[in-house]
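In: how would this look folded up:
(chains A and B)
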Amino acid sequence: EAGVTQFPSHSVIEKGQTVTLRCDPISGHDNLYWYRRVMGKEIKFLLHFVKESKQDESGMPNNRFLAERTGGTYSTLKVQPAELEDSGVYFCASSVRYNTDTQYFGPGTRLTVL
Amino acid sequence: LAKTTQPISMDSYEGQEVNITCSHNNIATNDYITWYQQFPSQGPRFIIQGYKTKVTNEVASLFIPADRKSSTLSLPRVSLSDTAVYYCLVGDGMDSNYQLIWGAGTKLIIKP
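Out: A predicted model of the protein is given here:
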């Protein structure tokens, strides 16, 4: 069974540019989560999808961040325009159920904004 | 809203037993308590979960008291490769108010 995959693994952009991160969850996992880890800080929740619906986006830092999950399969997280403080590692995870059952994490996308 | 508290960091030496405690009040009554391990540049990965009392697997043990207001992850005979950040994860609320609450993480450094 394929795990959670993320693309790209690393992105370097300049301030003001746009970047789109992609996450492919494990097949059959209705729940998909986005997290961010800023250097030296703990992992922070961004948002949670159940299929194509946003269940909780309370962790999204501001309206420069837009997440979508068309068709309830893969998800994208777009940052537009990117700011320096957006640098960090963005993780995606998926799970069968929304509870403390196992979330399977992807390898992350390291975003560097110059 | 449930709140979790973990030590920010801990140091230990190879071969020692390490215990990391996460305090969590007001968690969902019918949910597991789960712990994750994260190495640098990787996503967190599941280590162990339990509901109450003690759970043991090939990697760790998890101790949960009857009141479920805390949980202690126990790593027996740690090695340098156990250096990582350890997170607890609990649930809070019910039904439409249910939320997952992550601990802030404990950075464990194992020394030779």
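In: Point out the residues in chain A that sit beside chain B.
Out: By C-beta under 8 Å from any C-beta of the partner chain, the residues of chain A that approach chain B are A:4, A:42-43, A:45, A:56, A:89, A:91, A:93, A:98-108, A:110. C-beta here means a position set from N, CA and C on the backbone, and glycine is covered the same way.
In: switch to 7 Å and redo it
Out: Neighbours of chain B within chain A, by C-beta under 7 Å from any C-beta of the partner chain: A:Glu42, A:Ile43, A:Phe45, A:Phe91, A:Asn99, A:Thr100, A:Asp101, A:Thr102, A:Phe105, A:Gly106, A:Pro107, A:Gly108.
In: The third one touches A:Gly59, doesn't it?
Out: Yes. In terms of C-beta atoms under 7 Å, A:Phe45 counts as a neighbour of A:Gly59; the distance is 4.2 Å.
In: okay, now residue 19: neighbour count?
Out: You didn't pick a chain, so chain A it is. 20 (other C-beta atoms under 10 Å in any protein chain shown).
In: meant chain B actually
Out: Residues near B:Asn19, counting by other C-beta under 10 Å: 12.
In: Could you give the residue of chain A that lies closest to chain B?
Out: Using C-beta to the nearest C-beta, the single residue of chain A nearest to chain B is A:Phe105, 2.9 Å away.
In: Would you mind telling me which of A:Phe45 and A:Gly59 has the busier surroundings?
Out: Taking neighbours as other C-beta under 10 Å, A:Phe45 and A:Gly59 compare with A:Phe45 leading, 19 against 15.
In: Let me know the pLDDT of residue 60.
Out: Reading this off chain A. In this prediction, A:Met60 carries a pLDDT score of 93.
In: That was the other one, I meant chain B.
Out: If you check B:Ala60, the pLDDT there is 96.
In: what's near enough to touch it?
Out: Counting by C-beta atoms under 7 Å, 6 or more residues apart in numbering or on different chains, B:Ala60 touches B:Ile47, B:Ile48, B:Leu73, B:Ser74, B:Leu75.
In: Now do the phi/psi pair for it.
Out: Backbone torsions of B:Ala60, given as degrees, to the nearest 10, read phi -160, psi 170.
In: do the same with A:Glu85
Out: The phi and psi values for A:Glu85, taken as degrees, to the nearest 10, are phi -70, psi 0.
In: Tell me the one of the contacts of B:Ala60 nearest A:Thr18?
Out: A:Thr18 has its nearest neighbour among the contacts of B:Ala60 in B:Ile47, at 36.8 Å by C-beta to C-beta.
In: what residues does stretch B:40-57 touch?
Out: Under C-beta under 7 Å, 6+ apart, the answer for stretch B:40-57 is A:43, A:91, A:100, A:102, A:105-108, B:32-38, B:59-64, B:66, B:68, B:87.
In: Give me the buried stretch members for that stretch, please.
Out: Judged by neighbour count (16 or more other C-beta atoms under 10 Å in any protein chain shown), stretch B:40-57 contains these buried residues: B:Gly43, B:Pro44, B:Phe46, B:Ile47, B:Ile48, B:Gln49, B:Gly50, B:Val55.
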